[in-house]
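Engineer: Have a look at this prediction, sequence included:
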Amino acid sequence: MGLVRPGIPSITDILLEAGVVSSAQIDAALDHQRASGVRVGEALVELGSASENDIGWALARQLGFTFLDLTPEALDRDLVQSFPEGVLRRLLAVPLVRSDRVLSVAFGDPTDREAIAELEHVAGMTVEPSVAAPSMIYRALEQFALASPDHGRPAPPHAHLAHRATLLREGSGAH
């Protein structure tokens with residue numbers, strides 16, 4: 001069962017009401033979704049009808065979460081680098097703020113309960129999710145990886161597969 005509650009408008013309803021997309025664009029995205037198996041938001045982005053930020057904003061609004069426009073400069077470098085980069089990339093997550101027993105985290109997919117649970121396990125504290133565009137999360141993680149003192153060390157075997165697995169997981173809509 002997903003995080004969306006009965007009576008809550010769908011992402012397409014939110015985007016339509018905000019004037020981001022038209023009914024015809026939603027119909028085309030639904031056709032694309034049926035043909036390709038991607039989520040409707042991904043279909044809208046693939047068809048050029050909405051941006052990744054539009055989908056993130058609508059998802060955050062639907063779920064009652066905060067939508068963040070991440071800038072790596074605003075992130076806590078020590079906090080981000082206290083987590084294994086591979087885990088953050090795989091979970092499509094960036095830690096934002098740690099306070100008491102709660103960790104605020106921006107997720108590319110805040111509906112992925114398994115990702116939230118895994119990060120809670122790794123952090124040893126409750127995770128409070130928010131939403132950010134996946135490309136912004138990747139960009140932030142890449143910037144921190146380049147600034148890391150370990151940068152330049154050879155990547156562990158199969159490191160390139162973690163990124164591919166994340167893309168496949170994200171594209172499939174599977175959790």
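Structural biologist: In hand now; what should we look at?
Engineer: dump the residue contacts of Ser104.
Structural biologist: Neighbouring residues of Ser104 by Cβ atoms under 8 Å, 6 or more residues apart in numbering: 95-98, 127-128, 130. To be clear about C-beta, it is placed using only N, CA and C from the backbone, and glycine gets the same treatment.
Engineer: and with 10 Å instead?
Structural biologist: 66, 68, 79, 94-98, 127-130 (Cβ atoms under 10 Å, 6 or more residues apart in numbering).
Engineer: Now do the helices in this structure.
Structural biologist: For the chain, the helices defined by DSSP state H occupy 11-17, 23-36, 40-46, 52-63, 77-81, 85-91, 113-123, 134-147, 159-172.
Engineer: List the buried residues in the third one.
Structural biologist: Of the residues in helix 40-46, those with enough neighbours to count as buried (16 or more other Cβ atoms under 10 Å) are 40-45.
Engineer: same thing with stretch 45-56?
Structural biologist: For stretch 45-56, a neighbour-count test (16+ other Cβ under 10 Å) marks 45, 49-50, 52-56 as buried.
Engineer: try stretch 69-84
Structural biologist: For stretch 69-84, the neighbour count (16+ other Cβ under 10 Å) marks 70, 72, 75, 80-81, 83 as buried.
Engineer: Please work out which residues outside that stretch touch it.
Structural biologist: Here stretch 69-84 makes contact (Cβ under 10 Å, 6+ apart) with 53, 56-57, 68, 88, 90-91, 93-98, 103-106, 119, 122-123, 130, 132-133, 135-137, 139-145, 147-150.
Engineer: likewise stretch 30-42?
Structural biologist: If you take Cβ under 10 Å, 6+ apart as the criterion, stretch 30-42 is touched by 10-12, 15, 26, 29, 43-47, 49-50, 52, 54-56, 58-59, 109, 111, 170-174.
Engineer: returning to what we had before: export the helices of the chain as TSV, with columns for mean pLDDT.
Structural biologist: Formatted as TSV, the helices of the chain follow (pLDDT from 0 to 100):
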stretch	mean pLDDT
helix 11-17	96
helix 23-36	96
helix 40-46	95
helix 52-63	95
helix 77-81	92
helix 85-91	94
helix 113-123	95
helix 134-147	86
helix 159-172	35
